[in-house]
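Visitor: After the sequence you'll find the predicted model.
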Amino acid sequence: MHMADALLSPAVGATFWAGSFGTVAYCAKKLKESMDERMIPLMGVLGAFIFAAQMINFTIPGTGSSGHLGGGMILAVILSPHAAFIVMASVLTVQAFFFADGGLLALGCNIWNLGIYPCFIAYPLMYKPIVRSGSNPKRIVMASVIGAVAGLQLGSFSVVMETLLSGRSELHFGTFFLFMQPVHLAIGLVEGFVTAGVINFVRAVRPEILESSVFSMPSYCCYFDQ
């Protein structure tokens with residue numbers, strides 16, 4: 001879902017730069033108020049994991065396209081939305097500046113598309129209502145798939161709108177939309193099952209991490225330090 005600079009006008013790119021980095025500043029303020037510094041190593045570890053996962057592309061049969069995992073749902077479930085968004089923004093910034101994966105003008109759009117929707121919409125509105133304390137692995141799978149699909153569908157819809165608003169697409173809205181949504185549905189299904197696998201693994205070996213991230217994030221840090 002990484003956008004290139006060629007898909008955006010300066011006005012659209014600058015607008016999403018402002019929106020994305022304004023959100024980063026807000027998240028940093030919220031974390032400063034409530035986060036223990038011992039949480040920072042886990043943010044770094046998960047950031048490295050998501051960075052590596054995004055570098056692995058897989059072919060989507062029948063489309064001629066390839067996709068990669070976003071990772072926003074994994075981050076949101078384990079870290080909470082504010083920390084997850086900062087980690088995602090950091091990963092995408094490193095990719096843009098040092099690996100030419102997504103352009104600099106498009107960086108704000110990429111952070112928005114891959115960060116806002118899984119962290120602040122799919123996780124609190126879809127994942128959390130399905131998964132409660134003590135939920136079984138099947139509910140985690142269901143919530144992960146629904147959340148991942150929803151997050152990527154919203155992100156891909158944003159790509160369509162950002163490109164069309166920039167006047168850089170020769171495709172009509174309907175054609176562009178119908179191409180993007182099925183492709184990202186396939187990616188979302190893969191990401192959903194990968195997310196469920198990671199969350200169920202963490203649930204099996206360190207369940208206190210998930211309990212703390214969902215219900216009382218500040219107390220999580222004492223578990224991580226053990």
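Guide: Cool, got the structure. Residues are numbered from 1 along each chain as shown.
Visitor: Report the helix or strand with the lowest average pLDDT across this protein.
Guide: In the chain, no helix or strand scores lower on mean pLDDT, DSSP states H and E than helix 217-224, which sits at a mean of 36.
Visitor: Next up, the contacts around the spatially most central residue of the chain.
Guide: Computing the C-alpha centroid of the chain and ranking residues by CA atoms, centre = their mean puts residue 72 first, at 2.2 Å. Residues near residue 72 by CB atoms under 8 Å, 6 or more residues apart in numbering: 84, 88, 114-115, 117-119, 122-123, 151. (C-beta placed from N, C-alpha, C; glycine too.)
Visitor: Now it. Nearest residue, chain neighbours left out?
Guide: With sequence-adjacent residues excluded and distances taken as CB to CB, 6 or more residues apart in numbering, residue 72 is closest to residue 118, at 2.9 Å.
Visitor: by contact count, what packs against the biggest helix by length in the chain?
Guide: The residue-count maximum for a helix in the chain (DSSP state H) belongs to helix 173-205. If you count contacts as 3 or more CB pairs under 8 Å, 6 or more residues apart in numbering; DSSP states H and E, helix 173-205 packs onto strand 58-60, strand 65-67, helix 72-79, helix 137-166, helix 207-215.
Visitor: so of the ones you listed, which one's packed in deepest?
Guide: Mean neighbour count (mean count of other CB atoms under 10 Å) peaks for helix 72-79 among these, with a mean of 29.
Visitor: Could I have the CA atoms of that one written out in PDB?
Guide: Taking C-alpha atoms only, helix 72-79 is exported to PDB below (Å, rounded to 0.1, in the frame of the first residue of the first chain):
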ATOM      1  CA  GLY A  72      -0.900  -2.000  12.300                       C
ATOM      2  CA  MET A  73      -3.200  -4.400  14.100                       C
ATOM      3  CA  ILE A  74      -0.400  -6.400  15.700                       C
ATOM      4  CA  LEU A  75       1.100  -3.100  17.000                       C
ATOM      5  CA  ALA A  76      -2.200  -1.800  18.300                       C
ATOM      6  CA  VAL A  77      -3.200  -5.000  20.100                       C
ATOM      7  CA  ILE A  78       0.100  -5.400  21.900                       C
ATOM      8  CA  LEU A  79       1.200  -1.800  22.500                       C
END
